[in-house]
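Undergrad: fold the following and give me the result.
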Amino acid sequence: MSTNRERKLFQCLFGVEEPDLSPFDRLQQQMEDILGNGGIFKEVISPGYGPPVSPSASVLIHYSGFLEYSDQPFETTTRLKHPRLMKLGRDMTLMGMEMGLLTMRKGESSRFLLQPRYAYGDMGCPPLIPAAARILFEIQIHDVFNTGQVDGFVQLTAEEQNECPFSNLIEVVSTLRTIGNRCFNQSRYEKAKEHYKQALALLTNREIYSDAGRAEIHAALLPLYLNLSFVAIRLERPRKALKYAKKALGVDCSSTKALYRCAQAYVELRDYESAYSCLIRARERSPFDRDINNLLMTVTMCYKDSSEKEKDVYGKMFPGY
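TA: Next comes the predicted model:
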């Protein structure tokens with residue numbers, strides 16, 4: 001509600017009492033009309049940095065939608081463990097929300113008041129959203145990914161990709177791997193695998209004629225093989241995990257991470273002798289690595305237990321042997 005001073009000023013200027021404003025009307029007075037037509041109003045809660053979100057980008061966001069006179073959101077992602085990854089032009093269902101995102105930057109938090117034509121329209125979305133409802137969205141951008149560059153690159157033919165600057169390829173691969181890592185951290189392992197394998201295909205299809213170029217390709221391949229191995233372990237596919245871990249060793253035979261991934265896969269396959277061998281090699285390079293030493297202890301116990309069971313079986317099969 002307006003203060004007494006504001007009411008008196010309004011009455012002096014216009015000769016009538018100021019009408020009571022609704023919560024959204026009061027909020028709108030302190031917001032910016034970003035389109036100039038009264039359709040979308042914006043208020044920055046916390047500024048971001050870098051360039052505005054591009055129309056072809058993917059964004060990692062938390063958001064909440066509110067109806068007027070309601071303290072509880074009708075939709076929110078804030079109760080989820082991780083922010084939601086959404087691609088502009090594909091995953092947005094509300095025009096006003098997408099247009100609002102185009103005015104935001106990485107790290108920014110803002111709220112947007114959407115008129116019905118930029119939200120759910122005159123019909124609303126029964127029973128949750130009433131007809132001709134104004135909607136308030138609070139949005140926070142955690143990260144922005146240049147997936148437009150990725151989309152453009154993968155649409156090229158193999159010949160066109162090979163003609164592109166090598167730096168473009170590395171940027172695209174880096175973006176795919178970063179998105180894959182985000183999906184992995186959200187336990188979306190199949191989705192993470194898709195991004196890693198797409199990056200892997202782009203690298204292996206590149207024609208390289210110089211030693212420097214091959215070295216860069218190998219440097220980019222190593223983390224992808226390791227990531228794919230870890231994904232396979234999470235998906236309980238130890239043979240796939242072993243395959244990618246061995247490919248990582250083919251790139252760098254001294255990689256302790258690759259040896260550790262091999263050991264993890266061998267443990268799942270109950271090949272404790274091979275797991276032990278990999279872990280001993282890994283410990284020689286990283287003697288104080290906690291993960292390596294813990295798994296080595298587990299493998300030693302499993303190997304001992306397995307050997308004792310094997311002796312017991314042979315004893316029963318060949319008494320007196």
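
Undergrad: surely Gly124 meets Ala131?
TA: Yes: at 4.3 Å, Gly124 and Ala131 qualify as touching, with contact defined as CB atoms under 8 Å. C-beta coordinates here come from the backbone N, C-alpha and C atoms, glycine included.

Undergrad: of those two, give the one with the bigger neighbour count.
TA: Gly124 (17 against 12; other CB atoms under 10 Å).

Undergrad: tell me the contacts of the more buried one?
TA: Going by CB atoms under 8 Å, 6 or more residues apart in numbering, Gly124 touches 116, 130-133.

Undergrad: one more pass at 6 Å, please.
TA: 130-131, 133 (CB atoms under 6 Å, 6 or more residues apart in numbering).

Undergrad: isn't Tyr118 up against Thr93?
TA: No: between Tyr118 and Thr93 there is no contact under CB atoms under 6 Å: 11.9 Å.

Undergrad: what about these two, which has more around it?
TA: Tyr118 (22 against 9).

Undergrad: shaky segments in this structure?
TA: 1-19, 305-321 (pLDDT under 70).

Undergrad: how about the helices in the protein?
TA: 4-14, 23-28, 95-101, 147-154, 158-163, 166-185, 189-204, 211-234, 238-251, 256-268, 272-285, 290-317 (DSSP state H).

Undergrad: in stretch 172-179, what counts as buried?
TA: Neighbour-count burial for stretch 172-179 flags 172-173, 175-177, 179 (criterion: 16 or more other CB atoms under 10 Å).

Undergrad: just the residues you listed now: which is nearest Leu249?
TA: Arg177 (19.4 Å; CB to CB).

Undergrad: and the residue nearest the centre of this structure?
TA: Nearest to the geometric centre of the chain sits Arg182, at 3.0 Å (CA atoms, centre = their mean).

Undergrad: what's the separation between it and Glu194?
TA: 13 Å (CB to CB, to the nearest Å).

Undergrad: cool, Leu113 as well?
TA: Relative to Glu194, and taking CB to CB, Leu113 is found at 37 Å.

Undergrad: of the two, who's got more company?
TA: For Leu113 versus Glu194, neighbours defined as other CB under 10 Å are more numerous around Leu113 (25 against 16).

Undergrad: from Gln30, how far off is the closest residue in space to the more buried one that isn't next to it in sequence?
TA: Spatial nearest neighbour of Leu113, chain neighbours left out: Phe41 (4.3 Å); criterion: CB to CB, 6 or more residues apart in numbering. Between Phe41 and Gln30 the computed distance is 9 Å (CB to CB).

Undergrad: next: Phe74.
TA: From Phe74 to Gln30 the distance is 23 Å (CB to CB).

Undergrad: ditto for Tyr276
TA: Distance from Tyr276 to Gln30, by CB to CB: 66 Å.
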